[in-house]
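K.L.:
I would like to see how this sequence folds:
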Amino acid sequence: NATDPDCALPEDDDGYLEYCAHPMDSDAALLGEEQWAWLEEQLSAPAAVRIIASSMAFASEFHGMEAWSLFPAERRRFVELVKRTRADGVLLISGDVHYAELSVLSTAAAAGAEPGYPLYDLTSSGLTQTWPLTPANAQRVAGPFTRNNWGQVTVDWASRTVDLDVLDAR
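P.N.:
Predicted coordinates for the structure are as follows:
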């Protein structure tokens, strides 16, 4: 935050405040044990598609404001849980960044083990408010989309496909 002496928020050339990077905390928790138990139960149940919503980006490497990447042990635990439960069809939707992008995280890379399958994270936010700055993200496979937008997940059960889209709000 702006009162943190280690966190300067200079304005860029356009007058916007720069992102204030928060340090990773390898011991910090996002979910409590009761939440982890519930998630394991859900991932263990039969399902062709599992859409998991998170308030913050899961797959991006963004090490700034808020993202699962700032909680590496928690992200690793999530990936390991997906692997251990053999949950098929897991994809994530997230927001709270004021732009849209599609990121993919290899479960092998995240958990340090193989085999794995990629975890896609459709991040969409900015229906009424956007942010002109987008941090680098090596996990990004589409985007960033910086205009007002909304995300859409379409499951076609007949063809067994899932489409992830970002649509212009205008």
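K.L.:
contacting residues for the closest residue to L39 other than its chain neighbours?
P.N.:
Once flanking residues are discounted, L39 sits nearest to L81: 6.7 Å by Cβ to Cβ, 6 or more residues apart in numbering. All C-beta spots, glycine's among them, are computed from the backbone N, C-alpha and C. Taking Cβ atoms under 8 Å, 6 or more residues apart in numbering as the definition of contact, the neighbours of L81 are 36, 39-40, 43, 87.
K.L.:
same thing with Y120?
P.N.:
59, 91-92, 102-104, 164.
K.L.:
Save the residues you listed as JSON lines, and put in distance to S26 and secondary structure too.
P.N.:
As requested, the contacts of Y120 are exported to JSON lines (distance: Cβ to Cβ, whole Å; DSSP: H, G, I helix; E, B strand; the rest coil):
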{"residue": "A59", "distance to S26": "19", "secondary structure": "coil"}
{"residue": "L91", "distance to S26": "26", "secondary structure": "strand"}
{"residue": "L92", "distance to S26": "21", "secondary structure": "strand"}
{"residue": "L102", "distance to S26": "27", "secondary structure": "strand"}
{"residue": "S103", "distance to S26": "21", "secondary structure": "strand"}
{"residue": "V104", "distance to S26": "23", "secondary structure": "strand"}
{"residue": "L164", "distance to S26": "30", "secondary structure": "strand"}
